[in-house]
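Turn this into a structure:
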Amino acid sequence: MAKTFLDENFLLSTEASRRLYHEYAEGLPIFDYHCHLPVAEVTANRQFETLSRIWLAGDHYKWRAMRAFGVEERLITGDASDWDKFAAWAGTVPFTVRNPLYHWTHMELKDPFGITGTLLGPDTAREIYEHCNTLLQKEEFRARGLMAHFKVKVVCTTDDPTDDLKHHQKLAEELSTGTFGIKVLPAFRPDKAMAVESAKDFIAWIIKLEKAADLLIGDYPSFLEALRKRHEYFHQVGCRLSDHGIEQPYAADYTEKQIAAIFKRARAGGS
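Okay, here's the model as predicted:
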């Protein structure tokens, strides 16, 4: 007997897995230790104008698939209309079979949008787009409503050391007063502290760090001290996690003196 795609036992191939999921895991709340939710949108309880805004505007996984499929950049992160961007994604989806994106896409259409039995592709794109856009105008489809729908209890966002964390402070106040029942915590993400490949960008970030830490950064020790100050500030606002996106790890012996000299050169705009 053929199984229905994305039925209630999707990916649950054994009796033990079905029992563990349906009897224990299915109703549990979400504690998300790492996400890229824009905290300002949670604070504002954003209402998303179109499916493209909530689905495509910040999803680099979808962008990567579209680029691999040959979609031009204006239809990914460029100035194309929301509909044109969605149509480009819909044209890509059928070719993502065997990639988790295919499953994720249809799982997200099923819940919370209630679309079952219809696969996303060029021929169904307009119908799906208009159906989801209509739902997005409802109060329960705003940012906070969707988080509550999925039983979210805690999320940790991704935050640069120079961020002021004012939105986290606002949400913490709402949590303490019972206005908003989801804990939204910052996570320390200091990727730019090691991004010396572009001298211009590195110096611009150092200037932002100086302002955030209220400390003049002229050498390596003061650089570390500024990061420590920001780390302590993050801790005060509830941060307990750090996240580093290191694209290419290097391993080499070094001395403190060598690192100080490298920082000095980078701080001055050298390579």
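
quick one: contacts of whichever strand or helix holds Ser17?
According to DSSP states H and E, Ser17 maps onto helix 15-20. Applying C-beta atoms under 8 Å, 6 or more residues apart in numbering, the contact partners of helix 15-20 are 9, 11-12. Bear in mind the C-beta positions are built from the backbone N, C-alpha and C, glycine included.

Go through these and flag the one the model is least confident about.
When these are sorted by pLDDT, the bottom entry is Leu11 at 91.

can you tell me which strand in the protein is longest?
strand 152-156 (DSSP state E).

tell me the contacts of Leu120?
90, 93-94, 105-106, 109, 128.

Which of the residues you listed are buried, as a ChimeraX select command?
A single ChimeraX command selects the buried members of the contacts of Leu120 (16 or more other C-beta atoms under 10 Å):
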select :90,93,105,106,109,128
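
So which of the contacts of Leu120 is the closest to Ser52?
Nearest to Ser52, judged by C-beta to C-beta, of the contacts of Leu120 is Ala90 at 10.6 Å.

pLDDT on the longest strand of the chain, on average?
Mean pLDDT, computed over strand 152-156, is 97.

before we move on, what about stretch 245-265?
Averaging pLDDT along stretch 245-265 gives 91.

How is this structure divided into domains?
Under the assignment automatic domain parsing, the domains of the chain span 37-146, 158-243+253-267.

can you put those in CSV and add distance to Tyr21?
As requested, the domains of the chain are exported to CSV (distance: least, C-beta to C-beta, whole Å):
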stretch, distance to Tyr21
domain 37-146, 14
domain 158-243+253-267, 24
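
Can you say which of these is nearest to Phe5?
Proximity to Phe5 (C-beta to C-beta) singles out domain 37-146 among the domains of the chain, at 7.2 Å.

what's the span of stretch 70-82 from first residue to last?
Taking C-alpha to C-alpha, to the nearest Å, the first and last residues of stretch 70-82 lie 19 Å apart.

how about that stretch: buried residues?
Buried residues in stretch 70-82, defined by neighbour count with 16+ other C-beta under 10 Å: 71, 75-76, 80, 82.

pLDDT weak spots in the chain?
1-2 (pLDDT under 70).

Tell me which residue lies nearest the centroid of it.
Residue closest to the mean C-alpha point of the chain, counted by C-alpha atoms, centre = their mean, is His36 at 1.8 Å.

Next, count neighbours for the closest residue to that one other than its chain neighbours.
Leaving aside its sequence neighbours, His36 sits nearest to Thr158 (C-beta to C-beta, 6 or more residues apart in numbering; 5.4 Å). By other C-beta atoms under 10 Å, the residues close to Thr158 number 19.

where along the stretch 151-271 of the chain do the helices fall?
Using DSSP state H, counting those that start in this stretch, the helices found in the stretch 151-271 of the chain span residues 166-177, 199-213, 220-236, 256-267.

picking up where we left off before, go through the contacts of helix 15-20 and name the one nearest His60.
Leu11 (24.1 Å).
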